[in-house]
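Asks: any chance you could fold what I've pasted below:
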Amino acid sequence: MKKTVLFTFLMFLLSVSIYAQSNTSNVAIGDVFVIGEANDNYNHINFPKANFIIKKGGIVSYKNIVGEKVEVTSVKEDKDGQLIATIKLASKKKFFNSHKYVTVVVDKAIETKELVKI
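Replies: Numbers count the residues shown, from 1 in each chain. So this is what the prediction gives:
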């Protein structure tokens, strides 16, 4: 009886660890993406609002962002189970000449083609 319970518990832990690895394995630190073109605005890439960009001396133009390569610097999972990645431009410049890092909801951004994997 003890062996059966122990075996069941170990199999449960193994399946949970495999599931956790499969969720986070699609995006890793150092992955490179290209910013795609959005229809109206970027819903899943959390670009700063225009007034914050202007206050920091930046230029609000989404045309300059399209086609830029970005690199993932960190990946976290929020309380809803979504992967949130922090990205920076691969060219070491700043977004809109004002912000070095931006966060993105990875799965939804890839699904809506705001981010395209290279």
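
Asks: check contacts around residue 30.
Replies: With contact set as C-beta atoms under 8 Å, 6 or more residues apart in numbering, residue 30 has these partners: 71-72. Yep, even glycine has a C-beta here, placed from its N, CA and C like the rest.

Asks: what about 10 Å?
Replies: 71-73 (C-beta atoms under 10 Å, 6 or more residues apart in numbering).

Asks: same deal with residue 35?
Replies: 42, 45, 47, 62, 65-70, 87, 89, 95, 102, 104, 109, 113-116.

Asks: and for residue 49?
Replies: Counted by C-beta under 10 Å, 6+ apart, residue 49 has contacts 55, 60.

Asks: can you tell me the centre-most residue of the protein?
Replies: By C-alpha atoms, centre = their mean, the chain has its centre lying nearest to residue 85, at 3.1 Å.

Asks: what helix or strand does that residue sit in?
Replies: Element membership for residue 85 (DSSP states H and E) is strand 83-89.

Asks: quick one: strands adjacent to that strand?
Replies: Strand pairing for strand 83-89, determined by DSSP bridges: strand 69-77 (antiparallel), strand 101-105 (antiparallel).

Asks: now what about it, what contacts it?
Replies: The contact list for strand 83-89, computed with C-beta under 10 Å, 6+ apart, reads 23-24, 26-29, 31-33, 35, 45-46, 65, 68-78, 94-95, 99-110, 115.

Asks: and the residues you listed, which of them are buried?
Replies: Buried residues within those, counting neighbours by 16 or more other C-beta atoms under 10 Å: 27, 31, 33, 35, 45, 65, 70-72, 75, 95, 99, 102, 104-107, 109-110, 115.
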